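> Structure for this input, please:
(one chain, ligands or ions: 2)
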Amino acid sequence: MLELKGVSKTFGGVKAVQNVSMTIAPGEVRGLIGPNGAGKSTLVNLISGLLRHSTGTISIHGEGVDKLSAHQRAHLGIARTFQNLRVFGSLTVQQNIDVAGYSGQASHRNGNDILREAIARFDLADKLHAPASSLAYGQLRRLEIVRALALRPRLLMLDEPAAGMNEQETDDLREALSWVRSQSDCAILVIDHDLKFIMALSERITVLNLGAVIANGSPKEVSENRQVIDAYLGEDYEHAA
Ligand SMILES: Nc1ncnc2c1ncn2[C@@H]1O[C@H](COP(=O)(O)OP(=O)(O)OP(=O)(O)O)[C@@H](O)[C@H]1O
Ligand SMILES: [Mg+2]
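Ligands and ions are numbered 1, 2, ... in the order given. Coordinates of the predicted model:
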C-alpha cells in the first residue's frame, strides 16, 4: 500500500534520509528503529508530507503522492502522531477527536462504532469531557492515536507512542494497537526505542542508521544482524537476547 523508491532528504549539509526504498503491505505492522538522529522522524515527515523529499518517489496504492500536500495525503488515508505531542489543550478529549474526524476520509458505515470502541480500548472513555490539558502524559499519547484513528487511516504512523510510558501502560498500548490491527487492514508504521514493545508488536522491522536502511526483516532477524547490533542494539542486548 505504501512504496518508497530512493527517497532522500538533506538539511543543509546533513543527509537525514539517504536513498530509502521500502514497501508496506495493507494490514502490516512495521517497526522502524535506529539510533537517535538516524532519520526515523524525518522519514515519517516525508511520508506524511510535512516535509518534501529531495529525491525519490513515494506512492500509495500505486498513486504518486510526491506533489500532494500533507492535507491531501491525510485525505488519502495517511495519519500520524508526533514525537512531540500536538493536542489542543483547551479542547476536550471528545472535541480533539471530533476535529480530526472532520478532516478525514468520508466516514465508513461502521466507523463510529469502531471509533467508540477505540476510545474504550485506549482507556479514554471516562475522560471524554475533560480538557486535554488535564490529561496525564500517557493519556495524551493515547488521545493522539485515537485522534489519528478518527481519520479512518489506511496507514497510521506512530512516532514513539510508548515514550514516557511505564511497563503496564506500554503493555496496554501494545494490546490496543493489536486490536486496531485486528479491526481493519490499516497498515501501521511504528517508531520506538522500547525494543521489547517494538519486537512484540511488529511483524517486520526496518532499521535506519545515518539516514540509510541497514536491515529489514523479522524481529528475530534484525536482532541477530551484526550491523544492527553494532549500530544500535549493542552487545548488552545481544547477550540478554
Ligand atoms: N527540520 C530540520 N532541520 C535541520 N535538520 C534536521 C531537521 N529535522 C531533522 N534534522 C536532522 O536530521 C537528522 C535525523 O533526525 P530525525 O529527527 O529524523 O532522527 P530520529 O531518527 O527521529 O531520532 P530520534 O530517535 O532522536 O527521534 C538529524 O541529524 C537531525 O538533526
Ligand atoms: Mg525521532
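> Please give me every residue in contact with residue 68.
49, 76 (CB atoms under 8 Å, 6 or more residues apart in numbering). Every C-beta, even on glycine, is put in place using the N, C-alpha and C of the backbone.
> So it, which state does it fall into?
coil (DSSP: H, G, I helix; E, B strand; the rest coil).
> Distance of it relative to residue 48?
When distance is defined by CB to CB, to the nearest Å, residue 68 is 10 Å away from residue 48.
> name the element the residue nearest to residue 210 when sequence neighbours are not counted belongs to?
Leaving aside its chain neighbours, residue 210 sits nearest to residue 38 (6.7 Å; criterion: CB to CB, 6 or more residues apart in numbering). Using DSSP states H and E, residue 38 maps to neither a helix nor a strand.
> burial count for residue 38?
Around residue 38 there are 23 other residues, counting by other CB atoms under 10 Å.
> Torsion angles phi and psi at it?
phi -70, psi -20 (degrees, to the nearest 10).
> I'd say it and residue 206 touch.
No - counting by CB atoms under 8 Å, residue 38 stays clear of residue 206, with 10.6 Å between them.
> Torsion angles phi and psi at the closest residue to residue 219 other than its chain neighbours?
On the basis of CB to CB, 6+ apart, the spatially nearest residue to residue 219 that is not a chain neighbour turns out to be residue 199, at 4.1 Å. Per-residue torsions, residue 199: phi -70, psi -40 (degrees, to the nearest 10).
> dump the residue contacts of residue 199.
Neighbouring residues of residue 199 by CB under 8 Å, 6+ apart: 31, 205, 219, 223.
> host element of the second one?
With the criterion set as DSSP H and E, the secondary-structure element containing residue 205 is strand 204-209.
> So residue 188 is in contact with residue 176, correct?
No - in this structure, residue 188 is not within contact of residue 176 by CB under 8 Å, at 11.5 Å.
> Can you show me the strands along this protein?
Residue ranges of the strands in the chain, as given by DSSP state E, are 2-11, 14-24, 29-33, 55-60, 63-64, 78-80, 155-159, 187-191, 204-209, 212-217.
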